[in-house]
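Chemist: how would this look folded up:
(chains A and B)
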2 protein chains.
Amino acid sequence: MTLKARQEIENAEVVIGYKTYVKLVQAIIKPDAEVLSGIMGKEVERAKAAVAKALEGKRVAVISSGDPGVYGMAGLVLEVAELENANVPIDIVPGVTAATAAAAKLGAPLVSDFAVISLSDLLTPWSLIEKRLHAAAEANFVIVLYNPQSEGRKEPLAKAYEILLKYRNPQTPVGVVKQAGRTGEETIVTTLKEMLNCEVNMATTIIVGNSTTRVVGNRMVTPRGYDL
Amino acid sequence: MTLKARQEIENAEVVIGYKTYVKLVQAIIKPDAEVLSGIMGKEVERAKAAVAKALEGKRVAVISSGDPGVYGMAGLVLEVAELENANVPIDIVPGVTAATAAAAKLGAPLVSDFAVISLSDLLTPWSLIEKRLHAAAEANFVIVLYNPQSEGRKEPLAKAYEILLKYRNPQTPVGVVKQAGRTGEETIVTTLKEMLNCEVNMATTIIVGNSTTRVVGNRMVTPRGYDL
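Modeler: Below is the predicted model of the structure:
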């Protein structure tokens, strides 16, 4: 967490977020702050509640995990404020997104150009996700996969695997990080070929190396190209 | 800056980094710490010095701006340690990379899939950079450009502009952020068509929207796809 994010949460009169994330910051929320914690899937309601509370003159903190601007609540809050003509000041406080948190645990896989793709097709058509996987793999981007699968949704990762194998060597290093930067964190460096053998859930981030990524010690490094 | 990064710098016996970045954290460096600040282009020497100091048993902090794993020093330090068979513990402390720091200032342009591309061809062949620009633009990624240009290198951004225009509407929102998250920060929301009219240097981050990105108030938002 950044110093700025910590400050904002400590100073908030209202804290709003998905309950799992609110729990992570419980210790620094003001004792008399109002806490509105909700369930997954109720993002629009939480954005509306945030804008309503801000219109009452309250200092509100909306919590996302990682960075609120990467698949997080930042855009939704701005859109709701616009829709409701709510003239309230809104600051987006950036954070450490799962891509770089996971990368740090794995070594340095992102030291070159990379693409970030969510495998959740709840809000993006699967055909577009596939197109992006093809494009990123063909242009030799390091690829970061968010939301690789959940209990009811195992197909996307298997499909991504088939696409990636068309362009990358099966021995390409792949890093799998569960709960990056949180309690229960687990890190595995494996290969593209073995990727589907790892246990993966919604809170897992997967980083697929490019053609130059290699294993250094037990870590993944994409050389930047310096002459050593 | 994250709490963890701050702690590591405060506890370091040796601090190593490009002089501009060392200056930014001067206030939290221990008074008796050794400081090795160097010039741009001497990254390999700094990585070697860091490993050498760690082998002497010193607690060393190597400073990058943003996130050390995104075009930063993390990979180089791991590679040098391997090359020299240096058995020293190395922790990578993730940070807020320019992509998300700039995004937060602009609004929420990265709430969907995005690609990060450096326009510096010092270490990556220009032909590969071009290929990545084509691929990312065609697959409708939001595109983040690092190192768009420097005094002696104005062509890459002009070439990128021509490529992006082949795939994106000239009215596509583009955000230009100088010195994201630092003193002297400047933020401009413009269009792809007008992009080249902005003053841009090496410390500028440019975010080019995808086909759905729009201007909300004076900010850039890529809708995640929620039904409002």
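
Chemist: hmm, A:Met220 is touching A:Val189, no?
Modeler: Yes. Contact criterion CB atoms under 8 Å: A:Met220 and A:Val189 qualify, at 5.4 Å. (Each C-beta comes from the backbone N, C-alpha and C, glycine too.)

Chemist: quick check: A:Thr191 vs B:Val111, distance?
Modeler: Here A:Thr191 is placed at a distance of 32 Å from B:Val111 (CB to CB, to the nearest Å).

Chemist: which neighbours do A:Met220 and A:Val189 have in common?
Modeler: Applying CB atoms under 8 Å, 6 or more residues apart in numbering or on different chains, one finds that A:Met220 and A:Val189 are jointly contacted by A:Leu106, A:Gly107, A:Pro173, A:Gly175.

Chemist: in TSV: those, plus secondary structure, pLDDT and distance to B:Glu43.
Modeler: What follows is the shared contacts of A:Met220 and A:Val189, written out as TSV (DSSP: H, G, I helix; E, B strand; the rest coil; pLDDT from 0 to 100; distance: CB to CB, whole Å):
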residue	secondary structure	pLDDT	distance to B:Glu43
A:Leu106	helix	98	21
A:Gly107	strand	97	17
A:Pro173	strand	98	23
A:Gly175	strand	98	23
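
Chemist: which one is A:Val215 nearest to, not counting chain neighbours?
Modeler: With sequence-adjacent residues excluded and distances taken as CB to CB, 6 or more residues apart in numbering or on different chains, A:Val215 is closest to A:Pro173, at 5.4 Å.

Chemist: what pairs with the one you found across the strands?
Modeler: When bridges are called by DSSP bridges, A:Pro173 pairs up with A:Thr191.

Chemist: I'd say it and A:Val216 touch.
Modeler: No. Counting by CB under 8 Å, A:Pro173 does not reach A:Val216; the two are 9.6 Å apart.

Chemist: quick one, which of those two is more surrounded?
Modeler: Per other CB atoms under 10 Å in any protein chain shown, whichever of A:Pro173 and A:Val216 has more neighbours is A:Pro173, with 24 against 19.

Chemist: from chain B, how far out is the more buried one?
Modeler: 13 Å (CB to the nearest CB, to the nearest Å).

Chemist: mind listing the strands for chain A?
Modeler: For chain A, the strands defined by DSSP state E cover A:14-18, A:34-38, A:60-63, A:107-108, A:114-118, A:142-146, A:173-178, A:186-191, A:204-208, A:214-216, A:219-221.

Chemist: pick the most deeply packed of those strands.
Modeler: strand A:107-108 (a mean of 30; mean count of other CB atoms under 10 Å in any protein chain shown).

Chemist: mind listing the strands it pairs with, and their directions?
Modeler: Partners of strand A:107-108 in the sheet, by DSSP bridges, are strand A:219-221 (parallel).

Chemist: can you tell me which residue is spatially central in chain A?
Modeler: For chain A, A:Ala98 is the residue whose C-alpha lies nearest the centre (CA atoms, centre = their mean; 4.4 Å).

Chemist: pLDDT score for that one?
Modeler: Note for A:Ala98: predicted pLDDT of 95.

Chemist: wait, it touches A:Ile206, no?
Modeler: No. The criterion here is CB under 8 Å, and A:Ala98 misses it with A:Ile206 at 10.1 Å.

Chemist: which residues do those two both contact?
Modeler: A:Val144, A:Val177.

Chemist: quick check, nearest of the shared contacts of A:Met220 and A:Val189 to chain B?
Modeler: Within these, the smallest distance to chain B is 5.7 Å, found for A:Gly107 (CB to the nearest CB).

Chemist: ok, now which ones touch that closest one?
Modeler: The contact partners of A:Gly107, taken as CB under 8 Å, 6+ apart, are A:Gly175, A:Val189, A:Val216, A:Arg219, A:Met220, A:Val221, B:Ala74, B:Gly75, B:Leu78, B:Ile92.

Chemist: one more time with 7 Å
Modeler: A:Gly107 is in contact with A:Val216, A:Arg219, A:Met220, A:Val221, B:Leu78, counting by CB atoms under 7 Å, 6 or more residues apart in numbering or on different chains.
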